[in-house]
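Chemist: Pasting a predicted model and its sequence here:
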Amino acid sequence: MATHPWGRSQDIRLRWWNGGLELKRADKIYHENENVSGVIIISSNSDFKHEGITLTMEGSVNLQISSKTVGIIEAFYNSVKPIQLVSVSCEVSGPGRLPSGVTQIPFEIPLRAKPNRVLYETYHGVYVNINYGIRCDIKRSFLSKDLQKMQQFLVQYKPGFNATPQLPLRENRKPVSFEISPSTLSTGASGAPDFLLRGHLDTVCCNITKPLKGKVIFLKCAVPIRSLELQLARVETCGCAEGYAREATEIQNIQIGDGDVPLNIPIPIYMVFPRLFTCPTLITTNFKIEFEINIVIIFQDDHLITNNFPIVLVRE
Amino acid sequence: MLHNEIQWKTIVHATKVNHLNGVPVIDHPLKNVVVTERIPRKIFGSQPGTGRTTPISSAAPVQDPLFLALEQLDPLSEFAMLEIDPLSKMAAEMDTPDSLDPKTVANKDVKGNIFKDMDPWSSRKAGILSKYTTSEKLSIVTSFLYEGEKVVVKTQSTAVDKVQHRLEQLDSFEEGSQRKLNVSQAEYIGRIDQLNKELVSAWNSEQRVKALKIAIQCAKLLADTEVLPFYPSKFVLITDILDTFGKLVYERLRVKSDYYKPGSKTPTPLPEDFTPDMVPESAKETCLNWFHKIASIRELVPRLYVETALMKSYNFISSNECADGVLRITEMIHGIGNPLVAIYVRCYLCRVGINLMSQNSNYDFLYANFKAFLDSYQHLFSRCVKLEIAAQKMTMRTYASLYTPALDFILQAVVCTVNESVLADLLNNCKQCNNSSLILHSIMSSFKPSYVAERASDFVNMIVKCFDDCITLCSLLRMLGLCLNVCPPPSEQRRHILTAVWKYVSAFTNPAEYITCVEAWIQYIVVHFSNRDINIILGDIIEHMSPNRNFENFYNDLKIIVGKIVSNNQDFEMLLVMENFLPLIDLFQQEYMKVEVCKNILTNNFTCFTTNDPVTTNALMYLCTVLHDSVNALTPEDEYRQIGEILCNVIRKVDYGRDFEQQMNFYVEARGAFSNIDTVLAELVQRVNCLTVNTRHIVKGIHTRKTADFVRACAAYCFITIPSIVSEKTRLELYLLSGQVALFNQCLGQADACFKAVLSMLSDLQDVTTKSEIFLSSYIRQVLSTLLVVPDNPERGVLSLLKGLLNVIRDLDWNKQNCVLGSLYVNVIDLLSVMSQEEYSYHVDRVESNDSLYGSDTKFLVEINNMCSIIIGEILTLLKDLGICRRQSQLAIELFLRVALRGDLSMKSVSALALNLWQLSLKNGNADVKYMAKTKEYIRKRGMATNDIHLHQLLDKIIFQ
């Protein structure tokens, strides 16, 4: 909001227009080729002059360099430039005056990727961010400040469509069984208490909207367990070919077993994928977003054992 | 001017007496038509184990004869008949704000049918809170709580202060300020309550994230079993908060969702019974957000609790989400390592689940939860549990008792939803768990007693095979006993079960265990077995209780046992003559306990019971003596009254039928034994009088020598007994009554003595209440009407009793202003004028009254007239003393009426007197003119009827000036 020295003020708001009855957009989620519709609401306590109103839709992948790998990344400086996925601009109005009070201007912009680009799903990570937004600018004469308002929206694949359909794991929907004991561990087995854990994941190729499911059973456990945890981690890779930076960070960690869990009783594995911080697994030439699950066993003597399962997320 | 000496002559009428027609009736005409059966009420907070509908223990039903006659309800019991008192009614209404909606009501009814046999959670809460307590310090995380003094500061006056305070509060919610406090149990409860309030206020001030944080914080407390004995109580307190939270979220989602009714354009909040397709997208979105947020709670226990609390909101998303969620959580609970925490999460899940499923009655999850507990049952004895209970210095037994509230709840819910075949399965499962005593105990307390009763011998076998030390054999047997009390086993098994059980019961060496078992079983024994068996069991009890004076520690249990024996026994008489019953009572060696027990026995409802057996009577007398002897100077008045009533009641029960002599002997004995209590003595006098009258009925008024002697003895008994009564009022009344009865039985001397006693008592009254003019005036009138039929004692002068009475009342300490004496004098004139008639209007059968004795002798009449003159003189003096006032006017008109009707108006002085009185009463404007007009009208009619010239003449003279 810009306040004029004489107390006049203008304010712009963008509101997602509940346009047609077929599109209820309380969730601000759009798919490719849909119309992003809404309304520009300009309120002002006096009439005012402007030099033009424009509306811009932008979407881009922002890659960031991990501070740990700065040295390597500097070599391919180019790859960290944002990758524009969509960029549309249109003039809503030429120079003119707006009356005092509330002015509402409905708009509708088709959501289409730039040529040779694919609209990836919105994703907020540590090193990779995929954002979409609509911006409204009101240009004004020299004396007054320009007004600007930005509003984000989310892009999702249409169910069944995925940007990276060539993934090898895609068809692998069989349950994955596993067994963990000191003997199966390559590292860290020394000093681990004697235990035997059997379990399975229903699938490692998961629908992002459905929870991850599975079971674990402790068959043997010499030292009581303190906590049994399920860790969801993302693996972000920036750059390719000549060299790249690969970083794995935790998204969330939830407990599925607390304390000395009973033996020989199946404990469910259950995790709902968080909405903003996950997206379907994405592998492109410039960057990758992948996910893994860690099963973490912490014993009461603070001994910690993890077992890693890469997973593929798809939207169905 | 009035003259004090008036020449009086009473007119003698020869009128016929009209009789009213009497019709015998069965009921008292004034009695209200009320059903007096009391509705049993559920006692809230009853122990989970025994808490089925407990019939209300009826208050000591002392049969007051008046009460029996009227059987009207006193206001208190009428109040108790209302099923619920207004307060709890209000509270109930608050809980169901939409009770007006007929659909919800219908829904609730359906639900009520399934779980109707189950104690609702709300009624268990109080029991749990009172049972599981601790004196240890509890720790609580205090990020959302302020320090004590901050809480107190709530009375800020200015707006600035308020803002400041609010900001301070917000500051103190910084996550960093969490710290652990060690607090006592009471403080802990206070703080949890505070958290609850904080949650609601955060919610109401739009801080929903904070509300969620508080809920999670609370749920976290339940993962902590630092102080085990308090855990069940903690569960009760905290799940209340979670319930509140769940309700807030659900209601907000419902109210905020705009719903367009078909054909309507204006949005309304969703109706209570919405379906998911009615929910708008925005509400679904908000709801999904909630569940995503919850799904990311790191710790397992808080996540499960909070999700369970919000379970109902799954209905916004889809209709099967809820049921799936419940089953999923049922499985996920397996991940909780601490079995105690796990069972309580299950309990909460079941509790929430029961309320959720209104439409689709799929209650499989209840059974699934119980099965899940059975599956992990061995985990109860795992290393960590052992360590934990060792660290907290608990026994396995007390530890196991922590499970019972949750387990009982789940099991009862299961029992309500599955059919009997599943129960059999369940029982087999229990056997596979090596006859776990904990599960067996819960099964007995949760299953329908009828189910347990049918398989009682199986249960006995299983109980004795329980070797784990979770629940003692004693509590198991006790529980079985309680089940069998409610529903008896098949008759052919009864004896077998008792012998099997008693083998173990009587083998208990610990008297506490023994007595708690007996307490549960005694009802079963008393109801189903013969007196001989009861006697043997009583002997066994005495044998167990006597060594080392064990009984001293178990008075309460013994008291309950005696209470149960008495209230369930059919044949009270047999009980009293039982060999071991009185020795059992003798075990109570503490005075007040013994008194309590005796009271209990004697107030038991044996309404239709009467006895003439000397042994029974003896036993009764023994019990009564205990009560009587407990009375001393320090006894509270109410206690004294109560004991008196009980004793009177017992006295009424002893009935030797036509053996009057023996009855009389009993009364004599009773008088000797219960001399301390007024009401009993009064009752005895009444009984003896009753006996006397009955005797007369049997001989039809003509006494033989023997009966005459007997009734004289009775009269003597009364005469001797009455003086030892303390209350003057009772004494006066009884003297009069006894005199009347004696007269009725032609015992003239005895009657005379009684009346003389009345006179001497009247002249020497001490008690203020007796001296009250209301009592005295009515009492003296009663005496007057009796005196009419009492024949003069030839040894003393004419009308000596009446003269004596007049002397006495003249000297009584009357209030001059009220002038009751004047009214009494007027009544004496009534009496005297009736006495001068040729034949009196009533007689005592076979007693010659003065009318036949004197035969209207002139001397006698002159005597009466003289007395009248004197009395009229007295009244006139009184009138003069009164001075001019209303009362004077009243008294004057009263006297006028007597003079006009009873006096011989042909005498000049009499008619002049009448006239004077009329004018006196008119004078000064105090007169009740209406009454006087009516009086005049009456006199006129009377004059017409009797054709009395003098009356007419008088009538002409009296006028309103």
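Modeler: All right, it came through fine.

Chemist: The stretch 701-850 of chain B against chain A: which residues are in contact?
Modeler: Within the stretch 701-850 of chain B, no position is near chain A by Cβ under 8 Å from any Cβ of the partner chain. To be clear about C-beta, it is placed using only N, CA and C from the backbone, and glycine gets the same treatment.

Chemist: Tell me the helices and strands packed up against the helix or strand harbouring residue A:206.
Modeler: Using DSSP states H and E, residue A:206 maps to strand A:205-207. Under the contact definition 3 or more Cβ pairs under 8 Å, 6 or more residues apart in numbering or on different chains; DSSP states H and E, strand A:205-207 sits against strand A:304-314.

Chemist: which parts of the stretch 201-316 of chain A sit against chain B?
Modeler: A:211, A:224-225, A:228, A:252-262, A:265-268, A:270-272, A:274-275.

Chemist: thinking again about what came up before, what lines up beside the strand holding residue A:206 in the sheet?
Modeler: Counting by DSSP bridges, the strands paired with strand A:205-207 are strand A:304-314 (parallel).

Chemist: Please identify the buried residues of the strand it pairs with?
Modeler: Within strand A:304-314, the residues scored as buried using 16 or more other Cβ atoms under 10 Å in any protein chain shown are A:305, A:307, A:311, A:312, A:313, A:314.

Chemist: got the contact list for the second one?
Modeler: Listed by Cβ atoms under 8 Å, 6 or more residues apart in numbering or on different chains, the contact set of residue A:307 reads A:178, A:180, A:294, A:295.

Chemist: which SS class is the residue of the stretch 51-200 of chain A found nearest chain B?
Modeler: Here the residue of the stretch 51-200 of chain A nearest chain B is residue A:154; by Cβ to the nearest Cβ that distance is 11.9 Å. Here residue A:154 is strand, with the state taken from DSSP: H, G, I helix; E, B strand; the rest coil.

Chemist: which of the residues of the stretch 201-316 of chain A next to chain B count as buried?
Modeler: A:224-225, A:228, A:252-262, A:265-268, A:270-272, A:275.

Chemist: can you tell me how far residue B:856 sits from residue B:871?
Modeler: Counting by Cβ to Cβ, to the nearest Å, the gap from residue B:856 to residue B:871 is 20 Å.

Chemist: ok, the two, which is more surrounded?
Modeler: residue B:871 (21 against 15; other Cβ atoms under 10 Å in any protein chain shown).

Chemist: Please list all residues in contact with the residue of the stretch 51-200 of chain A closest to chain B.
Modeler: Counting by Cβ under 8 Å, 6+ apart, the residues that residue A:154 touches are A:27, A:28, A:29, A:30, A:122, A:132.

Chemist: Report the beta-bridge partners for it.
Modeler: Note on residue A:154: beta-bridge partners residue A:29, judged by DSSP bridges.

Chemist: Which residues of chain B lie near chain A?
Modeler: B:223, B:280-282, B:285, B:291-292, B:295-301, B:303, B:328, B:331-332, B:334-339, B:341, B:375-376, B:378-379, B:382-384.

Chemist: Specify which member of the contacts of residue A:307 is nearest to residue B:462.
Modeler: residue A:180 (40.9 Å; Cβ to Cβ).
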